[in-house]
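Trainee: Let's see this in three dimensions:
(chains A and B)
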Amino acid sequence: MKTNIKIKNSISALVLVMLLILPGCSDDVLDRSQLNSPDDENYWTQESNLRLYANEFYTEFFVGYNATWGVDYTPIRGFTFNDDVVSSNVQELFENSVPNTRGTSTNTVPGWLSEYSGPNLYFGWIRKSNLMLDRMDNKMTGILTPEAYNHWSSVAKFFRALDYCRLVSVFGDVQYYDKLVETSDTEELYKDRTPRNEVMDAVYNDFKTVLATMRATDGAQYLNKYVAAGFISRAMLFEGTWQKYHKGDTERAKKFLEFSAEAAEIVMNSGKYKIDGDFRSLFGSEDLSSNKECILFRHYSAGQTITHHIASYCNLTEGQTYAANLSLVKSFICNDGNVWQNSSVEKANSFSIADLVKTRDPRFEATFWDQPRSQSASLLYTVKFIDRVGPTFAEKGNYPAKYSSSTNTNDAPVIRYAEVLLNWIEAKAELATLGGAAVTQADIDKSINSIRNRTLAPEAIAKGVVKTPAMSLTALPNDPSRDADVPALIWEIRRERRMELYYEYSRLLDIKRWKKIDYMNGTTNPDLLKGIWVNIKSEIPTLLTAGRVGKLQVQKADGTVVVYNGSNEDDLVGYYLPEGVKNRDAFTDRVYMAPVGKNQIDLFKSRGFTLTQTTGWE
Amino acid sequence: MTNYSDVQPLRVLTLPFIILNKIPLCMKLTVLLLFLSIGLTHATSSYGQSTTLSLEVNNATVQDVLDKIESQSDFHFFYNNKQINTKRVVSMKKTKENVFTILNELFNGTDVSYQVMDKNIILSNIRKTEKQEVQQTGNKISGVVTDASGEPIIGANVFEKGSPMNGTITDIDGKFSIAVPVNGSLVVSYIGYETQTVAVADKKNFKVVLKEDSEVIGEVVVVGYGTQKKANLTGAVASVDLGKTLESRPVADVGRGLQGSVPGLSVVIPSGEVGSDPVMKIRGQIGSIKGSSNPLILLDNVEIPSIQMVNPDDIESISVLKDAASSSIYGAKAAFGVILITTKKGAKTESISVQYSNNFSWQKVAKDINLAGIDALEYSLLAAERVGSSMAGAFWKVDRTSFEKSKEWLSKYNGKIGSNDPMLYGRDWYVDGSYKMGVRLYDAYDYMVDEWTPSQNHNLSLNGKSGKVSYNIGLGYLGQSGMLKQAKKDDFTRYNASVKLSSEINKYITVRGGILFSDRIKQYPYATNSTTADPWLYVYRWGPLSPFGTEDGEALRSPASEIASSNTAKQEYSYTNVNVGATFTITKDWTVDADYTHANQEYIWNRPGTRFSARNAWVGAIAKTDESGNPVYVNNEGAEVASGTAGSMPAYELPYTMYTGLGSNPDHIYRRSENSKQGTFNMFTTYNLKLNDIHSFKVMAGINRVTYKLQYNWSQKTELFDINNPQFDLANGTQTAGGGTEWESQLGYFGRINYILKDKYLFEANLRYDGSSKFPKELKWRTFPSFSAGWIVSNESFMEGLNPTLSTLKLRGSWGTIGDQTVSNTLYVPTMTSMNTTWLNGDTRYQAYKTPNAVDANITWQDIENLNIGADFRFLNDKLGVTYDWYERSTKNMIVPGLEVPYTFGGDEPEGNYGELRTRGWEVAVDFNHRFKNGLGINLMATLSDATSVITGYPEAAAKTVTNASAYYKGLQIGDIYGYRTDRLYQKDDFEYDSNGSLIPITVDGYSVYKLKGENPSYQGFLQNSSNFKFGPGDVKFTDLNGDGKINNGSAVVGDSGDMEVIGNSTPRYQYGLRLGVDYKGIDFSVFFQGVGKRDIWGDGFLAIAGYNSSDGAMPQTFAGDFWKEDRTEAFYPRAYNNAGSAKSNNMQVQSRYMLDMSYFRVKNITVGYSLPKDIIKKAYLSNARIYMSVENFFTFDNLRDLPIDPESVSGYSMFNSSNYNSGRTGVGSPLFKSLSVGAQLTF
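Mentor: From the prediction side, this is the model:
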């Protein structure tokens, strides 16, 4: 009996315990939503969130000197595939077979294609823009003022259009989307490549909207109308000249060239920008915020550990495996405004560095070290992207952090006024050939001559560097090496561009839009494979080592090659030939455009659709 | 009767001396440590001596006095109030007297005697007991208690059955005497032995032999929420023989100890980093692509974050639940099996036992790190010359001239200049133009790796039962050294403490409580915050010219100098687990268990950085001058000479600089702190029902609720004021901080029914209804059933004839499903990830939000379906056992990327339940135990298992890419490696030559190649991945598998893979273990082998790929001594070429010849032990003492051609970065070590 009571007691105790516990086991315990991240459903609540969303575009489209060891879209380390530079051994090849994979779906590794100076096939940035536009329309009704709505939709459209320009420059025809596509929109996703002209017309319209509605100022280091206009002048010049030289389509060429000029004029007429400071300071300064030539720059800070390594590769110690070649050197104008063949400057026909520094346009001195350096494949060492102090540490062997490793902090110009001026004058000159108004001396003065009148650095003046006189339409240089199919004025504008923008983004894209890819062939353009003129024994005797016997070589003016044999150092005077230098394998015109990957074509085929291969790569 | 208060101090005083006299010298260190444990024993047992009491009573009862004593102290009185008159009135006054004085006076002149046992005082009536003895029995008996080997057992409990008060314990010779009625029985018990009951009858002298308890434990296996007789198991459950598996081994944790011991449990130790977790998987390497595929590790039914926090000494049992039928009761987290650990509870019988064990070990790298010296220079130089360059090297160059000098240096100074000799200009290096030319050869091993670093391990535990309270207290210490020679600190320490208490409140309720604490501390030199390029990477990167040591008394910049000047980083995991619970015994057959466990883990990672200063070996040299600025001249011996002396040259030196930029890595102090809290509530009820002897039921039902929350934050400040004392307040630079929080929960209801019919037919059914916070509302809940059945064939009458040859035969089968929710909980939400961009406005960094991923709104659980068929055989009277299991595990609804979308979508396809994975495997375990009549015992254990996984479902049209190891598609066998078949190396006469004797370049299929001899040769232009590489003599010739006359990969997809085919698989196959043990007269010997039968990988990095980056220079001698040269055309490796950091190009395309064969056979452990004879140790009051010597990982046999790569290593895996450690390069990390150890195990 007693036992039974105890059992009953313990059962009731147990029931009590369970009653206490079970409510705690209700379903509510499973409601545990994300704590750290907003989601697409609840994000679109205020204008500042659009700004945060758009911030992701910046470092992708405004690369500057990239960050840490990143080389994509950078001088010295990224833009190394063009006719300005040479390397030892065999020159880097053009793409020579259709890759299995060409593209990506994740935004962690978009990658870039160095041999095209453009992006891999990646639509993530297009999707980002389209999603932004979609959410503004569908989730932010009543939240944005009309002004804010117009601005932010122009931001989204700007990046969408700019990315299409990049994709078109690499692939030509490319699927165009102006609205968000879902995975279920099979017909849209699997449509074949949209014709270039259709894409570029859409880009044109977007850019027009951008210039009409984007804010003129939106805070420091943010995209605004002038930054956009700078990029638009660049992109529209590309398309205009492409239409002219590749398609022979005068009407379309005019349409884009006119827009290029128009965009440039928005910048030029704003009164906010001017050619400012000396050339080297543009690239080596720690802070460009007060430089009037920079329409947009990228800032670096050691404190924020946002640093780059581009200056390190200009510090005289790091090797420059791709270095300026004789072809680039010869394109520099002499400081009497004439080409070297008929310049009256003393020693204008000398290609030794010491003479070049004194006889060429000041940008030569600002761009290159004034003595041959064995760290450069061509002995001509580029110092454009470091200040004038950095290289002085070379002999001390002891660089401060900002000149070594990936801890550089000099700011990078992202888009600068000089380029806008050059875009403008080129567009004007091209338009003139298409029935537009002729270029006037005033146009030249406003553009090229204002650049030539840039301040000289005191160090340059001390070396005897003088400004190149203004270009005169009536006395254009008579360049014996000018291509027959290029008018003299356009030839000189291109020269100016080459001197000004060396190792910045443009050279490969320029020769592509001019349809001059043959400049990349060392057979027809032998200067491509040579360095400067050098007297090894007197200028750089450290090269005379036993290890270099049979490898160190120079080429005499008459074309004969002298190879070091251990005792002929006196004879080693001539154009320096990089060790083992060889022309690249032959290529055809198909290299203007990149192929798409085999797998992607197969994917389309497996779903019953067609993805057309790029012309020449079928 | 013995008064314990007299014995205890005596024991304490004599024991050390006994040991010192009797025990060999080598044990002295151990003895020192023994003092500690004995002191502890003393402290508790002499409580009566040290405690003083004050009391004053007038006309109080004895009961009052006893109550007062109890209230003032921890003493507890036990007495029978029929025997003791507690109503007697006394008066007394005592000030600060010990308990003995008080009791003496209290009972002076009465028949009461007392006995102090620790804090328990037993009062008894002398006269009555004596009288009783005479009255009840007049039967005094005596006897001896021994173990199976005949050794006496000291301190065994002997009492009369039914009268626990009438009892005694055996003396030092195992003898006892007691008075027991003739019709009574004796109960003899001792911890660790099976309790025995002996009828007295008319015998006077007894010999009681106690059987070791392990055999008893072996018969009962811990399963989910309960135990099961091994004979009645129907699921795939393996229980671990703890004694043989873990004891006497210098292993840091249970996981490492289990390697090779449980068939189907794969344990991999990818690096020698001390304090790192082993990688454990149950049944196959992959359970799902998205999930973790990791087993659930449970400690007393509560998930623990790492197996390392468990002190192996605290463990009572380990079961590995392998199939769904046995693991599904644990629900969704148990989808890939369970490692179920139970800890020691208190003793079951009245006893007290103190155990102490230790281990001292010394470690050395397990595999020689044989990096090439002069031969590496030759390789680098030939590779450079091949493409027309004259020199090679990054910071230190080699050219023909310097190479000759290096050879001279070697013949002149080898063995004469040691690693401590400073670097001298002129002798060891020189400057040529702007280049530093290296001459002297350095071996990084000398500077980086310490040999025979010590480790030690101590465990002390107290286990017992007193009255209704049983307890277990465990203390553990592990101190392990790493092998970084220059480090200020490189070690791992673990402290464990645990207390388990259980008290039987009454017949119906037993309450329990426990605390488990584990503190793990890893200390290592903090040289960088990079996990993709730490000092180990540089050891294996820069060649033999890269200097170590000093120049002019100042350290040279090297991985060693950086480690030497690094401050010590510390990772500390502090884990506390508090458990309260109760068992309600409602009837004998019906119990309810409820437990709540709160676990809290603090993780603190402190990373104090520094700035490095050294002679900078990475920059240009500077001219050396004397104090007055004049150039210094040296000769080619490095001695200073006057300028103009013959052979003199101007000297250079390396600049001494602080080469770490202010504020740049690692000039900072960083601290991360993380806290996780986990609440686990388990309640279940078990009901046993036996209907006559035919039907036996066991029904169990319960609830399991887990809540988890983690929060972390970190901060960092750069620019230290004092690099020797990195502190947040002593830094000047940028402050950065971050943090986050996550939470999740699971709730499950479960039930199980076991039904046994006639002891022959076994059935089990499980059901779990599980909810997880990781899924959207409508998908939270799922039901997972599982069933199993067994047939004990040997219990059938028709099998009797085979006994004892086939003594047991059981057939088993099971089927079940479990849901897996180990996937990330962001899969179904279009999350917007925030990011810190690198776009600046002044010093303000712009934040950004990324594009939301496309998500599949219908995503749901992955279902793991299991089928298991097994058989258990036991032969020769159960001496030999064989267990076999075959299983198939299907991951249905596997979460994988959905139907592939084209790039035009602009993002990854949303993930959904579109995949299916099937793993099939089998496991065999064999055990054999036999003791010969002469006392020689032998035991054997062998395991072998295999598993392969195939993707059986995947969205169609996914690119079946063969060149991408992470591409998945239907039909893929996980781990398959596609590659080319290597034919041989090209030789000179394979090619045609022009009149100058030069190779002839021709263009084939658009590739410029050298012309081959013969009709329609196969050209390999497609495989020329560098502009300056063309296949020539000494390069690899591949097999034209599809006979199309050219070597390529087709479209690089399955079905059109050109000349690529499956050439290997990276899954470890045929994992095995084999243990052999013998013991004879106290000496035991065991040897344990373990290995993997098959595993291939295509390696990455300097150690795995010949010519990976020959300009950087470091390479194994295996490559450098055996590559094709004009005078070595039979070489294994191809002609020198610098692949510039690519692991899959030119000669080193993924191919059969250079695949790494990662199979191995390892002599994992050899142990020799000696159990000291009882008659010696009994004088020290020890019941058991064993000393042993053990070697771990000592011999490894592999097929890696002496490459310094451990066959267990996983490229890119370490505790710091599990996917891209040291940029994914193979074998480039802290090397695995072997160890030599000695230890002792003592039981009091």
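
Trainee: which residues touch the helix or strand containing B:Met437?
Mentor: Counting by DSSP states H and E, the element that carries B:Met437 is strand B:435-438. Contacts to strand B:435-438, defined as C-beta atoms under 8 Å, 6 or more residues apart in numbering or on different chains, come from residues B:391, B:393, B:395-399, B:401-402, B:405-406, B:428-431, B:544-547, B:620-621, B:652. (Each C-beta comes from the backbone N, C-alpha and C, glycine too.)

Trainee: Check the offset of that strand from the chain's centre.
Mentor: 45 Å (C-alpha atoms, centre = their mean, to the nearest Å).

Trainee: In a helix, B:Asp872, correct?
Mentor: No: counting by DSSP: H, G, I helix; E, B strand; the rest coil, B:Asp872 is not found in a helix; it is strand.

Trainee: What is the burial count for it?
Mentor: For B:Asp872, the neighbour count with other C-beta atoms under 10 Å in any protein chain shown is 21.

Trainee: The longest helix belonging to chain A packs against which elements?
Mentor: Identified as the longest helix of chain A according to DSSP state H is helix A:146-171. If you count contacts as 3 or more C-beta pairs under 8 Å, 6 or more residues apart in numbering or on different chains; DSSP states H and E, helix A:146-171 packs onto helix A:47-54, helix A:58-61, strand A:118-119, helix A:124-138, helix A:196-213, helix A:225-242.

Trainee: So which of the contacts of strand B:435-438 sit within strands?
Mentor: Judged by DSSP state E, the contacts of strand B:435-438 include B:429-431, B:652 as members of strands.

Trainee: out of those residues, which touch chain A?
Mentor: Counting by C-beta under 8 Å from any C-beta of the partner chain, the subset of the ones in strands among the contacts of strand B:435-438 that neighbours chain A is empty.

Trainee: Quick check: the residue of the stretch 251-400 of chain B nearest chain A.
Mentor: Going by C-beta to the nearest C-beta, chain A is nearest to B:Gly388 of the stretch 251-400 of chain B, at 2.7 Å.

Trainee: you'd agree that residue is up against A:Gly550?
Mentor: No: with contact defined as C-beta atoms under 8 Å, B:Gly388 does not reach A:Gly550; the gap is 9.7 Å.

Trainee: quick one, which of those two is more surrounded?
Mentor: The neighbour count for B:Gly388 versus A:Gly550, taken as other C-beta under 10 Å, is higher for B:Gly388 (17 against 13).

Trainee: Kindly indicate whether the closest residue to that one other than its chain neighbours is helix, strand or coil.
Mentor: Distances taken as C-beta to C-beta, 6 or more residues apart in numbering or on different chains place A:Gly580 nearest to B:Gly388, at 2.7 Å, with adjacent residues excluded. Put simply, A:Gly580 is coil when judged by three-state DSSP.

Trainee: just the one 5 residues further on next, same as before
Mentor: Assigned by three-state DSSP, the conformation of A:Asp585 is coil.

Trainee: Same question for stretch B:386-404: list its buried residues.
Mentor: Judged by neighbour count using 16 or more other C-beta atoms under 10 Å in any protein chain shown, the buried positions of stretch B:386-404 are B:386-403.

Trainee: And stretch A:603-618, by the same measure?
Mentor: Across stretch A:603-618, burial judged by 16+ other C-beta under 10 Å covers A:603-604, A:607, A:609, A:611, A:613-614.

Trainee: With respect to B:Gly243, which of those is nearest?
Mentor: Closest approach between the buried residues of stretch A:603-618 and B:Gly243, by C-beta to C-beta: A:Leu603, at 58.7 Å.

Trainee: So what does the closest one look like in phi/psi?
Mentor: Torsion angles at A:Leu603 (phi, psi; degrees, to the nearest 10) stand at phi -60, psi -50.

Trainee: hang on, isn't it packed against B:Pro902?
Mentor: Yes: the criterion here is C-beta under 8 Å, and A:Leu603 meets it with B:Pro902 at 5.9 Å.

Trainee: what lines up beside the strand or helix carrying B:Val1087 in the sheet?
Mentor: Assigned by DSSP H and E, B:Val1087 falls within strand B:1083-1094. Sheet pairing for strand B:1083-1094, assigned by DSSP bridges, gives strand B:1069-1080 (antiparallel), strand B:1156-1171 (antiparallel).

Trainee: avg pLDDT for it?
Mentor: The pLDDT scores in strand B:1083-1094 average 93.

Trainee: All set, thanks.
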